[in-house]
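Asks: From the sequence below, what's the structure:
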Amino acid sequence: MALDRWPAAVLWDMDGTLVDTEPYWIGTEYALAEEYGGTWSQDLAMELVGNDLLSSGRFIQEHMPLPLSPEEIVERLLDGVVAQVEREVPWRPGARELLADLRRHDVACALVTMSYQRFVAPILEVLPAGSFQVVVTGDQVSRGKPDPEPYLHAARLLGVDPADCLAIEDSNTGTRSAEAAGCTVLVVPHHVPVGPGERRVFAESLVGLDAADVASYLLPA
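Replies: Have a look, this model is predicted:
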């Protein structure tokens, strides 16, 4: 497939896009509620999809509620989810195959996630070395998604213009972040619906997509 323009980089969200760890997070949230006699629901859990972890900690503290600080809640959640990821990484269909094809075509990739480094590490360990040239985690930025800072920071580290990048996202929160940064956003909705937007293109799945397919989604800067 001949293309006039390839993305300067592909910027990947992680939870719900590269891996499907939302069930791990939700299960850990329910366990925390049970431990402290709080209440939780699927609807409340869905409100956290794509959020930075401290915002989620504050939300849980208020709505569960819990006698823990937001920081303590985040660490408890990470303890539970990291333990599950270390047993099994739940890859999203087509994600690893697309990542490998982008690497074969020398398209730079960054991971842009609101999860913390200690959660990301066991996932990166089972990917081929060099799969991501840059990794931006939630504990490396001062303002998390939906603020554009995470995607702007990733583009800056790569030395590229965000307008020349394609972000891959699954949530409203992440899509807003990448869009505000100026990226084209390939939205592959998973747990929550995502509405249309000026710099949003949509796919039902990553299955069967290769580097050229993804490049063809890139909108004019």
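
Asks: Could I get the full set of strands for this structure?
Replies: Here the chain has its strands, by DSSP state E, at 9-12, 108-112, 134-136, 165-169, 184-187, 200-202.

Asks: Deepest-packed of the ones you listed, please.
Replies: With neighbours defined as mean count of other Cβ atoms under 10 Å, the strands of the chain peak in mean count at strand 165-169, which reaches a mean of 29. Backbone N, C-alpha and C define where each C-beta goes, glycine included.

Asks: CA atoms of it as PDB?
Replies: Only the C-alpha atoms of strand 165-169 are listed here, as PDB (Å, rounded to 0.1, in the frame of the first residue of the first chain):
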ATOM      1  CA  CYS A 165       1.300  11.600  15.300                       C
ATOM      2  CA  LEU A 166      -1.500   9.100  15.500                       C
ATOM      3  CA  ALA A 167      -2.800   8.200  19.000                       C
ATOM      4  CA  ILE A 168      -4.700   5.000  19.700                       C
ATOM      5  CA  GLU A 169      -7.300   5.200  22.400                       C
END
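
Asks: which stretch among the strands of the chain comes nearest Val81?
Replies: strand 108-112 (16.4 Å; Cβ to Cβ).

Asks: Which strands border that closest one, and is each parallel or antiparallel?
Replies: According to DSSP bridges, strand 108-112 forms sheet pairs with strand 9-12 (parallel), strand 134-136 (parallel).

Asks: so can I have a markdown table of these showing mean pLDDT?
Replies: Output for the strands paired with strand 108-112, formatted as a markdown table (pLDDT from 0 to 100):
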| stretch | mean pLDDT |
| --- | --- |
| strand 9-12 | 98 |
| strand 134-136 | 97 |
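
Asks: Next, format those as TSV and append distance to Glu88.
Replies: Converted to TSV, these look like this (distance: least, Cβ to Cβ, whole Å):
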stretch	distance to Glu88
strand 9-12	20
strand 134-136	21
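
Asks: Mind checking the ones you listed for the one nearest to Phe202?
Replies: strand 9-12 (16.2 Å).

Asks: domains of this structure?
Replies: 9-20+91-216, 22-87 (automatic domain parsing).

Asks: Looking at those, which one is packed in the most?
Replies: A comparison of those by mean neighbour count, using mean count of other Cβ under 10 Å, puts domain 9-20+91-216 on top with a mean of 20.

Asks: now for the strands paired with strand 108-112, which one comes closest to His105?
Replies: Of the strands paired with strand 108-112, nearest to His105 by Cβ to Cβ is strand 9-12, at 10.2 Å.

Asks: Please list the residues outside that closest one that contact it.
Replies: In this structure, residues lying in contact with strand 9-12 by Cβ atoms under 8 Å, 6 or more residues apart in numbering are 18, 99, 102, 107-112, 132-133, 151, 154-155, 158, 160, 164-168, 178, 183, 214.
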